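[1] With the input below, show me the fold.
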Amino acid sequence: MKSLPYLQDNGILLETDYPYVTKQGTCQRKGRKSAVNMSKFWRLPRLNIPQVKAAMQNGPVLTALNASGDFGKYTGGVYDPEEPCYRQTNHAVVIVGYGVDSLTGKEFVTIKNSWNERWGEKGYMRIAAHTKYDNASVCGWANYVWEIRI
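    Residues are numbered from 1 along each chain as shown. Below you'll find the model as predicted:
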C-alpha cells in the first residue's frame with residue numbers, strides 16, 4: 001500500500017477532523033493534529049493465514065483485496081462467491097477478526113470496510129478465509145496483508 005509510508009510520516013487524522021470528500025484533490029492536512037501515529041509496518045507472507053491470525057493479536061492488520069462484482073452488494077453471511085474474484089486488488093480494508101461460521105462451518109476473516117454502516121453487516125463483512133481455487137484467497141484478501149504498530 002503506497003499510503004503507509006505517508007501515514008507513518010504524517011500520522012492519521014480522525015474523520016471528524018478531516019471529513020472524506022468524494023472528489024480528486026490535494027490533501028489539506030497541513031496544520032491538523034494527528035490522532036494516531038504509526039511507528040512501523042511490514043508486509044506479511046502471502047497466503048499465510050496463521051501469521052495473519054497471530055498478527056491480529058498485536059493490533060491492526062490491513063489488506064488490499066478485489067471489491068469488484070457482487071462484493072458491493074454484500075448484505076450478510078460468509079462471503080464466498082462462486083466465481084473467483086482475486087485477480088487484481090482495488091480496495092483497502094482492515095482485518096478485525098477471525099472465526100468459524102456456526103451454520104456452515106466455514107472459516108472466515110472479518111473485515112471493516114470504509115463505505116458506511118448500511119453496507120454489509122453494519123459496515124463489516126465476513127469473508128471466507130479459504131477458497132476452492134488453488135493458491136488463492138477469496139478476493140485476494142490474503143495476498144497483500146500488512147501488520148502495523150501504533
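[2] shouldn't Leu13 be in contact with Asn37?
    No. The pair Leu13 / Asn37 is not scored as a contact, 11.0 Å apart, by Cβ atoms under 8 Å. For every residue, glycine as well, the C-beta is placed using N, CA and C.
[3] Looking at the two, which is more packed in?
    Higher neighbour count among Leu13 and Asn37: Leu13, with 17 against 12, using other Cβ atoms under 10 Å.
[4] ok, now how distant is that one from Gln57?
    27 Å (Cβ to Cβ, to the nearest Å).
[5] what kind of secondary structure is the residue nearest the centre of the chain in?
    The centroid of the chain falls nearest to Val93 when counting by Cα atoms, centre = their mean (2.1 Å). Three-state call for Val93 (DSSP: H, G, I helix; E, B strand; the rest coil): strand.
[6] In contact with it: list those residues for me.
    Neighbouring residues of Val93 by Cβ atoms under 8 Å, 6 or more residues apart in numbering: 62-65, 111-114, 125, 141.
[7] just checking, which of those belong to strands?
    If you go by DSSP state E, the contacts of Val93 have 62-65, 111-112, 125 in strands.
[8] how about those in CSV, adding distance to Gly31?
    Formatted as CSV, these follow (distance: Cβ to Cβ, whole Å):
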residue, distance to Gly31
Leu62, 27
Thr63, 32
Ala64, 30
Leu65, 34
Ile111, 33
Lys112, 28
Met125, 35
